[in-house]
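> Kindly return the folded structure for what I paste below:
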Amino acid sequence: MTKIDQEKNWMGTKGTASLVGLLSLSLLFGVSPGGRAVPSESAITTGSQAQARDYYIRISGLLAFDAKPGVTTLDDFLAFVGYPTAGGKLEALDSDVLMNPVQAASADALNLPTHGLNGATLRDGDILASRFFAPKIVNISVPTPIPGWRKLVRLRVRPDSRAARVGLESVVILFNFFARVGEQPFSGHSFNTQVMLLAPSRPDRLYWLDFATNGTLSLALNASFDAADLPGGTGTRDYFVPDGCNNCHGSPGNLRPPMVNYLDTDHWFDRLENDFASLKTTNTSLLFDAHTNDPSQVSFAPAFDAIRRFNEEALLQNSAIRSSSFEAQAARTWLSLHAHSDQHFPPVSRSFPAGKGPAWQSAEADGLDRLNRYCFRCHGSIRFSIFDRQAVVERAGIMRQRINPGKQQSRIAGFKMPPDRDLDPSEKQALDDFLKKLK
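Numbers count the residues shown, from 1 in each chain. The predicted model follows:
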């Protein structure tokens, strides 16, 4: 079976390549397949409660896991993948404890029994954990954005667990937090916990679960991706599984298997120079487990290596699905730059030509910095990457329209870019001038 046939087969099993998804895909170029302007509720596909409930019913049958919104808990899910422990412990324990098999399995930590798993013990590498700054989840539209933070825990599915029997190999859990500048980033509880279930042998390749603050299964992540387009200054809206998840993970419109996004440490450090300068002033550690932003310090290397290991796994998953995709190319570029270095690389150093055309040049650094600040949140993982120069050149015309829409275009919900904030007029003009000159 060819890759095209595999994608057609995957599409056929979903029944979810909805008209909304297809129109959202077309909206990037400002026209429908028939050449007409397309209305949309948001720039990022949101999905719906009904679709999310149907999705949970479908995967409950496929995975033999009872995914009931408001009933199923994160603890239930952990037992399913072979880690019968409390989700609160996974959220609270230090990363170095979780990644030490003896400490993690102990009664003082996860208290993992071996019975029921044919005597299997926790192995080195079964748990990968990292805590880090997460600008992607921040509501950037408010006057003083509250920094976002994430704790990532990757669990290898344990042998003889129910999850292993249905083809799951690993899961990625993302605990989400907000903390004002000066506050301890992980002192509170995760306001939403996202879960990716990796099953390489199944057509979907990757499944989604979402858990609310109380630890029960929820239908959606409430986020600020479209904050500037929302009425009443609410700043957030619900993005439902699987549509909202797939849209940001290589499958807009649910048209093909989604992918794991790599972690771009360089982008996190870039943002200290603009929207999050206050974190720089207070010298807050962006890689929380490093306890420093200085890569020459001894504590920095192991914290950074946890990110490197995760990105290696992300690239393996990306390559197995679409090796030539911009998502895979971006992960390769990060890994190439950081193969022997924990340093921060500026945006122009991270350029990668996914197709024909040159890479970004040093003379274009200022323009790329603006694309990185205002556009990377979406266009590091949705439809194209701003680090692929040729992809930006090909879209420069519609990008200019999106940044500065006309009267008619302004009436199309979801047309204006970026969707998460209103640009200062001088920044808007500078970005427009940069895109206008691109060739």
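
> Same question for stretch 148-166: list its buried residues.
148-158, 161, 163-164, 166 (16 or more other C-beta atoms under 10 Å). To be clear about C-beta, it is placed using only N, CA and C from the backbone, and glycine gets the same treatment.

> That one - what's its average pLDDT?
Averaged over stretch 148-166, pLDDT sits at 97.

> for stretch 283-290, same thing?
Across stretch 283-290, the average pLDDT comes to 97.

> can you give me the end-to-end distance of that stretch?
Start and end residues of stretch 283-290 are separated by 12 Å (C-alpha to C-alpha, to the nearest Å).

> Any figure for the gap between the most centrally placed residue in the chain and P203?
With distances taken as C-alpha atoms, centre = their mean, N261 lies nearest the centre of the chain, 5.4 Å away. Distance, N261 to P203, using C-beta to C-beta, to the nearest Å: 20 Å.

> so A314 is in which element?
A314 belongs to helix 300-322 when assigned by DSSP states H and E.

> now what about that helix, what contacts it?
When contacts are defined by C-beta atoms under 8 Å, 6 or more residues apart in numbering, helix 300-322 is touched by residues 3, 95-96, 99, 128-130, 132, 152, 154, 170, 198, 200, 205-206, 250, 256-257, 259-263, 265, 287-290, 292, 294-295, 325, 327-328, 331-332, 334-335, 338, 342.

> Next: stretch 218-235.
Residues outside stretch 218-235 that contact it (C-beta under 8 Å, 6+ apart): 42-44, 47, 49, 52-53, 56, 69-70, 137-142, 192, 194, 210-212, 236-241, 244-245, 377-378, 413-414, 416, 418-422.

> can you tell me which of these are in helices?
Assigned to helices by DSSP state H, the following of the contacts of stretch 218-235 qualify: 49, 52-53, 56, 244-245, 377-378.

> Reformat those as JSON lines; add pLDDT.
Output for the ones in helices among the contacts of stretch 218-235, formatted as JSON lines (pLDDT from 0 to 100):
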{"residue": "Q49", "pLDDT": "98"}
{"residue": "A52", "pLDDT": "98"}
{"residue": "R53", "pLDDT": "98"}
{"residue": "Y56", "pLDDT": "98"}
{"residue": "G244", "pLDDT": "95"}
{"residue": "C245", "pLDDT": "97"}
{"residue": "R377", "pLDDT": "97"}
{"residue": "C378", "pLDDT": "96"}
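
> Now the buried members of those.
For the ones in helices among the contacts of stretch 218-235, a burial check counting by 16+ other C-beta under 10 Å picks out 52-53, 56, 244-245, 377-378.

> how about these in CSV, adding distance to A314?
Shown next, in CSV, are those (distance: C-beta to C-beta, whole Å):
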residue, distance to A314
A52, 25
R53, 29
Y56, 25
G244, 19
C245, 15
R377, 18
C378, 18
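
> so L152 is in which element?
Assigned by DSSP H and E, L152 belongs to strand 148-156.

> from the middle of its chain, how far away would the next helix-or-strand element following that strand be?
Scanning forward in sequence from strand 148-156 by DSSP H and E, the next helix or strand is helix 162-165. The chain centre lies 25 Å from the centre of helix 162-165; the measure is C-alpha atoms, centre = their mean, to the nearest Å.

> same for the helix or strand just after helix 162-165, what does it pack against?
Using DSSP H and E, the next helix or strand after helix 162-165 towards the C-terminus is strand 170-178. Contact here means 3 or more C-beta pairs under 8 Å, 6 or more residues apart in numbering; DSSP states H and E; on that basis strand 170-178 packs against strand 148-156, strand 192-199.

> Give the pairing partners of strand 170-178; include direction for each.
Using DSSP bridges, strand 170-178 pairs in its sheet with strand 148-156 (antiparallel), strand 192-199 (antiparallel).

> got the angle for the first one vs helix 300-322?
It stands for strand 148-156. Calculated by axes from the mean of the first three to the mean of the last three C-alpha atoms, to 10 degrees, strand 148-156 forms an angle of 70 degrees with helix 300-322.

> List the neighbours of strand 148-156 that are in contact with it.
Taking C-beta under 8 Å, 6+ apart as the rule, strand 148-156 contacts 78, 81, 83, 90-91, 95, 98, 123, 125-138, 169-179, 185-186, 190, 263, 288, 310, 313.

> Which members of those are classed as buried?
Neighbour-count burial (16+ other C-beta under 10 Å) applied to the contacts of strand 148-156 gives 78, 81, 83, 90-91, 95, 98, 126-138, 170-179, 185-186, 190, 263, 288, 310, 313.

> and the ones in helices among the contacts of stretch 218-235 as a markdown table, adding distance to G406?
A markdown table is the format used below for the ones in helices among the contacts of stretch 218-235 (distance: C-beta to C-beta, whole Å):
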| residue | distance to G406 |
| --- | --- |
| Q49 | 34 |
| A52 | 35 |
| R53 | 39 |
| Y56 | 41 |
| G244 | 29 |
| C245 | 33 |
| R377 | 24 |
| C378 | 22 |
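
> Please identify which of those is nearest to P346.
P346 has its nearest neighbour among the ones in helices among the contacts of stretch 218-235 in R377, at 18.2 Å by C-beta to C-beta.
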